[in-house]
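1. Sequence plus predicted model, see below.
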Amino acid sequence: MSQWKIGVITASDSIARGEREDDRIELLKVLIREWLKCEVAVHRKVPDNMEELQETMIELVDREKCDLLIVAGGTGLSPRDVTPEVTQWVIDRPMPGLVEEMRRAGMQQSRRAMLTRAAAGTRGNSLIFNLPGHPKGVKICFEAIADMLPDALYILQGTEKADEDWGGLGW
């Protein structure tokens, strides 16, 4: 049984309409299995529409009780890219460190990574973050923060491990 309930939203007009294959969900399933030892419990394909995206994010966190919600796509500069704005509406507290680390890792591969507008934060005791829509960006950004996701989830859920993992620093 999975330790955490993981939800994924694919934000894409063409994928939501079935005009294009979802080229990120299978990769995310592999990465989540590898890094978090969990399966994706809930997956939704949603168009780049603010109201529908907001409604789906709230549904997966508040009603489906996802501990971690990943929204892939809609983080660029296109007028239809609205994922970061919606994420900021939905979260209670921002977590800029996750976004900073994803951008830093992306910049090591391509200067275009500085154009990402991803957001991350918490809603209640759930963690929500955005990933780019391109599979290469999904892999780079997820792997940049994957080692910290268990710690974040343990802390959010009040099951924080002992300070030995922090080297006694008490962060």
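-> Thanks, I have it.

2. contacting residues for Asp147?
-> Trp35 (CB atoms under 8 Å, 6 or more residues apart in numbering). Where C-beta positions appear, they are placed from N, C-alpha and C, glycine not excepted.

3. ok so it is a strand residue?
-> No. Using DSSP: H, G, I helix; E, B strand; the rest coil, the secondary structure at Asp147 is helix, not a strand.

4. Return the distance of it relative to Met107.
-> 19 Å (CB to CB, to the nearest Å).

5. Also Val61?
-> Taking CB to CB, one finds Val61 at 30 Å from Met107.

6. so Ala41 makes contact with Gly7?
-> Yes. Here Ala41 reaches Gly7: they are 6.5 Å apart, a contact under CB atoms under 8 Å.

7. Please say which of those two ends up with more neighbours.
-> Gly7 (24 against 18; other CB atoms under 10 Å).

8. Tell me who's in contact with that one.
-> Gly7 touches Val40, Ala41, Val42, His43, Arg44, Leu60, Val61, Glu64, Cys66, Leu68, Leu69, Ile70, counting by CB under 8 Å, 6+ apart.

9. pretty sure it is in a strand, no?
-> Yes. If the criterion is three-state DSSP, then Gly7 is within a strand.

10. Tell me the pLDDT of it.
-> Note for Gly7: predicted pLDDT of 98.

11. Bridged to it, which residues?
-> In this entry, Gly7 is beta-bridged to Val42, Leu69, by DSSP bridges.

12. That one and Leu127, how far apart?
-> 11 Å.

13. Give the intersection of the neighbour lists for the two.
-> Leu68, Leu69.

14. before we move on, the earlier item: name the residues contacting each of Ala41 and Gly7.
-> Joint contacts of Ala41 and Gly7 (CB under 8 Å, 6+ apart) are Glu64, Cys66.

15. So in terms of bridging, what pairs with Ala11?
-> Val46.

16. In contact with it, which residues are there?
-> Counting by CB under 8 Å, 6+ apart, the residues that Ala11 touches are Val46, Pro47, Asp48, Leu53, Val71, Ala72, Gly73, Gly74, Thr83, Gly133.
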